[in-house]
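S.K.: Sequence unavailable; structure follows:
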């Protein structure tokens, strides 16, 4: 019964593993679709940040996850095989490293948020900068004059704009909170990968013991019964 539980645990964690691959793929494809939409006050800040995420790498990661899951199928249906199980374990390590690199890349971006946001701000057209001003209730980037603010309903003139904060502070706060959620999700997926690696190691040990006992039985002549 205990050994059946080991296999059941492996199967359940493996199913959770492939679900994380599906979530990665859905997130990446949905994000790619959203960032191409016409910016509005409701989505402009979020989409600019999502566009910073390594979406192509996330899609590639999801594909590797699906391939790794397919490798696990022979390991599940062939109760004595260890070769497929070892191969699956190695591929799971690759998936974990892949996802961790993506998460670390996003985390490193949060360490240089102001520089990244400055670069993003400077390449945006005036219409997008205006949407950011309206969304974040600010004028200009560092302040109303550096660079100059865009005239809109939030910043109708220089006097009103001078009384508002620059967009760098609220934009940085929003970006850090948003990206924290994204890279925390990536590290959560790594946690699932680690759980699958441990489950694979347990199943490998179990099958190795079974093989040893079977070999002993064969040597003692009991294998014929």
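M.R.: Structure received. The model shown is predicted, which means the values in this text are computed figures rather than measured ones. Numbers count the residues shown, from 1 in each chain.

S.K.: which strands and helices sit next to the longest helix along the chain?
M.R.: Ranked by residue count and defined by DSSP state H, the top helix of the chain is helix 168-219. Other helices and strands packing on helix 168-219, by 3 or more CB pairs under 8 Å, 6 or more residues apart in numbering; DSSP states H and E, are helix 2-34, helix 44-50, helix 83-111, helix 113-123, helix 126-136. Placement of C-beta: from N, CA and C, glycine included.

S.K.: can you rerun that using 6 Å?
M.R.: Judged by 3 or more CB pairs under 6 Å, 6 or more residues apart in numbering; DSSP states H and E, helix 168-219 is in contact with helix 2-34, helix 44-50, helix 83-111, helix 113-123.

S.K.: And the last one, what does it pack against?
M.R.: Helices and strands in packing contact with helix 113-123 are listed as helix 168-219; criterion 3+ CB pairs under 6 Å, 6+ apart.

S.K.: what stretches of this structure score poorly on pLDDT?
M.R.: 1-3, 213-225 (pLDDT under 70).

S.K.: one step back: point out the most buried one among the helices and strands packed on helix 168-219.
M.R.: helix 44-50 (a mean of 20; mean count of other CB atoms under 10 Å).

S.K.: How far off centre is it?
M.R.: Distance of helix 44-50 from the chain centroid (CA atoms, centre = their mean, to the nearest Å) equals 16 Å.

S.K.: Over to stretch 110-127?
M.R.: 22 Å.

S.K.: Kindly report the same for stretch 72-82.
M.R.: Per CA atoms, centre = their mean, the displacement of stretch 72-82 from the mean C-alpha position of its chain is 29 Å.

S.K.: Does residue 152 touch residue 130 like I think?
M.R.: Yes. Contact criterion CB atoms under 6 Å: residue 152 and residue 130 qualify, at 4.3 Å.
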